[in-house]
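Asker: Kindly generate the corresponding structure for this input.
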Amino acid sequence: MVVKVKLFGVLKDRAQATDITGLIGVMEMDGGKVRSISDILKTLDLREEEVSHLFVNNDYSGPKRPVSDGDTVAIFPRNMALLYKWYFTKKQ
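Answerer: Residues are numbered from 1 along each chain as shown. Purely as a prediction, here's the structure:
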């Protein structure tokens, strides 16, 4: 199982430079090791306080949201916070 993780802003540095995607800030993770967004944050050594918005397949999500094979997770840093919480329902 593979989960694609896209990191934005200052978080791009957390993606490994040698990742197979070849794109800055984009990496693939073994889905056998990550079952939720929280697991991804732990793997990247990110605290929840460092991130503002999380998305799974373009759905505004919370850190406890499970991830599945083929999912794309987008992680935005605190300094790129937007007004999503007022307009979109967060899926846990």
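
Asker: How about the contacts made by residue 25?
Answerer: Going by Cβ atoms under 8 Å, 6 or more residues apart in numbering, residue 25 touches 6-8, 11-12, 15. Any C-beta I mention is one placed from the backbone N, CA and C, and that applies to glycine too.

Asker: redo that, cut-off 6 Å
Answerer: Applying Cβ atoms under 6 Å, 6 or more residues apart in numbering to residue 25 gives the contacts 7, 12, 15.

Asker: Where does pLDDT dip in the chain?
Answerer: Applying pLDDT under 70 to the chain picks out residues 16-22, 82-90, 92.

Asker: One more pass at 90, please.
Answerer: For the chain, the stretches with pLDDT under 90 are 1, 9-33, 45, 52-53, 78-92.

Asker: List the buried residues of the longest helix seen in it.
Answerer: Taking DSSP state H as the criterion, the chain has its longest helix at helix 37-43. By neighbour count with 16 or more other Cβ atoms under 10 Å, helix 37-43 contains the buried residues 37-41.

Asker: pretty sure residue 7 contacts residue 15?
Answerer: Yes. Assessed by Cβ atoms under 6 Å, residue 7 is found in contact with residue 15 at 5.4 Å.

Asker: Of these two, which one has the most company?
Answerer: residue 7 (23 against 19; other Cβ atoms under 10 Å).

Asker: Excluding chain neighbours, what is closest to the more buried one?
Answerer: residue 25 (4.5 Å; Cβ to Cβ, 6 or more residues apart in numbering).

Asker: same question, residue 31
Answerer: Nearest to residue 31 is residue 1, by Cβ to Cβ, 6+ apart, at 2.8 Å.

Asker: Tell me who's in contact with residue 57.
Answerer: Contacts of residue 57 (Cβ under 6 Å, 6+ apart): 71-72.
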